[in-house]
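Colleague: 3D, please:
(one chain, ligands or ions: 1)
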Amino acid sequence: MTGARPPATIVAAARPDLDPAYGSIVPPLWTSDTFRWDTPDDKPGFDYSRTVNPNRDLLAAALSELEGAAGGVITNSGQSAALLAILRLRHGAKVVAPHDCYGGTFRLLQGFAAKGQIDCRFVDLGDADALAQAMANGIDLLWIETPSNPLLRIVDIRRCVALAKTHGALVIADNTLPTPVRQRPLDLGCDFVMHSTTKAINGHSDLFGGALFARDVAHLEELNWWSNAAGLNGSAYDAAQILRGLRTLPLRVDRQEQSALTLARWLEAHPQVEAVHYPGLESHPGYAIAAAQQSGPGFMLSFRLKGGKPAADRFVASLGLITLASSLGGFASLICTPASMTHRGMPPEVQAEAGIHEDLLRLSVGLEDAVDLRSDLARGFAAALA
Ligand code: PLP
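Modeller: Below is the predicted model of the structure:
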């Protein structure tokens, strides 16, 4: 991490002196929809909560420092952060996105493309020729997601940025999986970074949130303008809760990552496993790039079982500790079958091309004891054999 202050200090210190009345160390909750003006011509810093709100500002400031951004907008979901990134594009803008991106991102970009508002190509960002070809007729925005969801593919951010810049394109990175405590895309040349704060940043699986950050002030002003114009903002309550979750992000990621590495190594050696995707394994094709651009491999992994979908269905049905559910990054370990759950918005042929097979299992490793998680997975393997 190249930030001036370590993440653990940033998240603990995100409580500026905003409570002169009582001196509370936890920022108060500013639920007011509107704020008093001293005179009609003297616009106060905070005037209307759709435009600006102190709780959102505190969260945006902490996350901006973690990401090395000029600032950002706190939205009410990861999808609304993605929508905000699309809203600023001109009509007919050319977008290139990963062929194995998050299913909701695919659905949203595809929806705008189907209406003729953007021209979007989905390509394997790891394939240099395919990427160069997709950009050959011009590009306005390159969308990066690394590690990707659900295959944990690693894209070389610096290389993609260099190529995009030769065409004058801007670059956005969805940094939801690594979080800013493991990867800082703006340091690697990206212009925007987005998050589903629903995931690890909040970490408690109890609300929705999103965020979009800009490296430059001019882009930040544009994002603020669009979020105000379109009403794409999160609530004060959610911002306060997400800031509370953020305070333990560095600790949680350390612990979850440790367990993920232990489980990935165990899975890799398991006779019933066809393949394991985890960037912390030396066998992962993106291992070296991940080691260069991330400060750790993170808490997400995916794997395929021998025995195909029937074995995978028996496996997930027999788990007790790990829940079958489609989210990630929370305190509790979750497993899902992306083909039928998180990525069902992708047509089967697109899934097949991206490598999202129906027997692929995605595991978000939580805070449980790693030995207990391994015992639960062992139960799954026993059931898969039946
Ligand atoms: N980006 C990634 C990588 C995700 O995994 C998700 C949700 O799973 C999103 C964006 C969308 O976030 P949300 O569900 O908060 O709208």
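Colleague: Helices along the chain, start to end?
Modeller: 7-12, 54-67, 78-87, 103-114, 128-135, 157-166, 217-230, 236-246, 249-268, 287-293, 308-317, 348-354, 370-385 (DSSP state H).
Colleague: neighbours around Gly116, how many?
Modeller: A count of nearby residues for Gly116, using other Cβ atoms under 10 Å, gives 9. All C-beta atoms are positioned from the backbone trio N, CA, C, and that covers glycine.
Colleague: Identify the residue spatially nearest to it, adjacent ones excluded.
Modeller: Once flanking residues are discounted, Gly116 sits nearest to Gly92: 7.9 Å by Cβ to Cβ, 6 or more residues apart in numbering.
Colleague: how's the protein carved up into domains?
Modeller: Domain assignment for the chain by automatic domain parsing gives 7-246, 249-385.
Colleague: And those domains: which comes nearest the ligand?
Modeller: domain 7-246 (2.3 Å; Cβ to the nearest ligand atom).
Colleague: sorry, back to before: export the helices of the chain to a markdown table and tack on mean pLDDT?
Modeller: Below are the helices of the chain laid out as a markdown table (pLDDT from 0 to 100):
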| stretch | mean pLDDT |
| --- | --- |
| helix 7-12 | 95 |
| helix 54-67 | 97 |
| helix 78-87 | 98 |
| helix 103-114 | 96 |
| helix 128-135 | 95 |
| helix 157-166 | 97 |
| helix 217-230 | 98 |
| helix 236-246 | 98 |
| helix 249-268 | 98 |
| helix 287-293 | 98 |
| helix 308-317 | 96 |
| helix 348-354 | 87 |
| helix 370-385 | 97 |
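Colleague: Next, the buried residues of stretch 207-225.
Modeller: 207-215, 219-220, 223-224 (16 or more other Cβ atoms under 10 Å).
Colleague: In TSV, list the domains of the chain along with distance to the ligand.
Modeller: Formatted as TSV, those follow (distance: least, Cβ to the nearest ligand atom, whole Å):
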stretch	distance to the ligand
domain 7-246	2
domain 249-385	6
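Colleague: can I assume Ser326 is in contact with Ser340?
Modeller: No - proximity of Ser326 to Ser340 does not meet the contact threshold set by Cβ atoms under 8 Å, at 9.6 Å.
Colleague: The two: which is more packed in?
Modeller: Relative neighbour count places Ser326 above the other of Ser326 and Ser340, with 17 against 13, counting by other Cβ under 10 Å.
Colleague: residues contacting that one?
Modeller: 334, 336, 341-342 (Cβ atoms under 8 Å, 6 or more residues apart in numbering).
Colleague: mind listing what's buried in stretch 67-85?
Modeller: Within stretch 67-85, the residues that qualify as buried are 67-85, counting by 16+ other Cβ under 10 Å.
Colleague: and the closest residue to Asp254 other than its chain neighbours, what does it touch?
Modeller: In this structure, Asp254 finds its nearest non-sequential neighbour in Gly296, 8.0 Å apart by Cβ to Cβ, 6+ apart. By Cβ under 8 Å, 6+ apart, the contact list for Gly296 reads 182, 253-254, 257, 280.
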